[in-house]
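K.L.:
Pasting a predicted model and its sequence here:
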Amino acid sequence: MRPLRFVALGDSLTEGVGDPVGEGWRGWAALLAAGLAPSEAPVEFRNLAVSGAQTRDVLERQLPVALAALPDLASVVIGVNDTLRCTFDIHAVAERLDEVYAAFTGQGAVLLTACLPDPGTMLGLPGALARPLARRQRAVNAVVHALSERYGAVHLHAAEGDWVAERGMWSADRLHPGERGHRQLALRFHALLVEAGLASGPVPSAVAEFPGPSRAASLRWLATSGAGWVARRCTDLLPQLLGLAASEVRHRVRGTGVRLDLAASRAVASALAGVAVGDPADAA
């Protein structure tokens, strides 16, 4: 029997950050892999996700390796890091994702995708700083939604819901799921695959093996690793984000905040129009 081949592409979320096992990370994709087929059926799982990856990294570095593995199933969960860069461009995000999705479906692989919560809300940033990031993440999610439908992906709506607000689902950094959160993602993906007749293995357990991070652990992270993370993002994003926040405040004072949302919607529509020419099968 040929093994079922599953490759996972993306950033730290798919790498498994927040779900430590031994000296490394496990994460939702590994938990899902264990439930794709009955225990007696072989599954070959390869996790190509790398912390900090953007859509460009998935397209240029991860995709060629993944295609060479001839996967039956490929997950592409990416985009948050794009929103945290001063180079954010929804047109480029759409073009890269379109190329990645087309490559996998062109090989006959089943595609898994997801939309994600915005980082500003998860970090608890002030409104004027959080809203521009939320607008960017909504734009990415809109592109992922549209392209997932176009390429027939198994798509998980993970941007909202009770799990986002439940603190116990998240790790000390408040950006990555903890073990319970990773298990929740694996469970929800598994349910979608079962519904589509694409998974027949055991349901991933929702019960955590290890205790979640304490408040003290969260504070330690903020004082050590968290400070470095914020410093790196500030160097890249903060000057632009402060400008976006200032614009946000001006529009709110004038009562014209809706213009920012309309501009973002137009950008998404333009980005999707740029990749909507022709049939997906032809593009692949």
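P.N.:
Here it is on my side, so go on. Numbers count the residues shown, from 1 in each chain.

K.L.:
L116 against R136, yeah?
P.N.:
No. The criterion here is Cβ atoms under 8 Å, and L116 misses it with R136 at 11.6 Å. Heads up, the C-betas are built off the backbone N, CA and C, glycines and all.

K.L.:
Same drill for those two, tell me which one is more crowded.
P.N.:
R136 (25 against 22; other Cβ atoms under 10 Å).

K.L.:
separation between that one and A191?
P.N.:
29 Å (Cβ to Cβ, to the nearest Å).

K.L.:
Check for me that L198 belongs to a helix.
P.N.:
No. Going by DSSP: H, G, I helix; E, B strand; the rest coil, the assignment for L198 is coil, not a helix.

K.L.:
show me what contacts it?
P.N.:
Going by Cβ atoms under 8 Å, 6 or more residues apart in numbering, L198 touches L73, V110, V154.

K.L.:
Check which helix or strand the nearest residue to the first one once chain neighbours are set aside maps to.
P.N.:
Just to be clear, that refers to L73. Residue nearest to L73 in three dimensions, not counting chain neighbours: F6, with 4.5 Å by Cβ to Cβ, 6 or more residues apart in numbering. Using DSSP states H and E, F6 sits within strand 4-10.

K.L.:
Can I get that strand as PDB, trimmed to CA atoms?
P.N.:
Only the C-alpha atoms of strand 4-10 are listed here, as PDB (Å, rounded to 0.1, in the frame of the first residue of the first chain):
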ATOM      1  CA  LEU A   4      -0.600   8.800   2.100                       C
ATOM      2  CA  ARG A   5       1.700  11.800   1.600                       C
ATOM      3  CA  PHE A   6       1.000  15.000   3.600                       C
ATOM      4  CA  VAL A   7       3.100  18.100   3.400                       C
ATOM      5  CA  ALA A   8       2.600  21.200   5.500                       C
ATOM      6  CA  LEU A   9       3.700  24.700   4.400                       C
ATOM      7  CA  GLY A  10       3.700  27.900   6.300                       C
END
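
K.L.:
Pull up the pairing partners for that strand, direction included.
P.N.:
Its sheet considered, strand 4-10 pairs with strand 43-47 (parallel), strand 73-77 (parallel) by DSSP bridges.

K.L.:
So which residues make contact with it?
P.N.:
Counting by Cβ under 8 Å, 6+ apart, 14, 29, 32-33, 36-37, 41-49, 53, 58, 62-63, 66, 69-78, 100 sit against strand 4-10.

K.L.:
do that again at 6 Å, thanks
P.N.:
14, 29, 33, 36-37, 43-49, 58, 62, 66, 69, 71-78 (Cβ atoms under 6 Å, 6 or more residues apart in numbering).

K.L.:
what does stretch 130-146 give?
P.N.:
Applying Cβ under 6 Å, 6+ apart, the contact partners of stretch 130-146 are 79, 83, 88, 90, 94, 113, 115, 118-121, 159, 244, 248, 264, 268, 272.

K.L.:
Brilliant, that's me finished.
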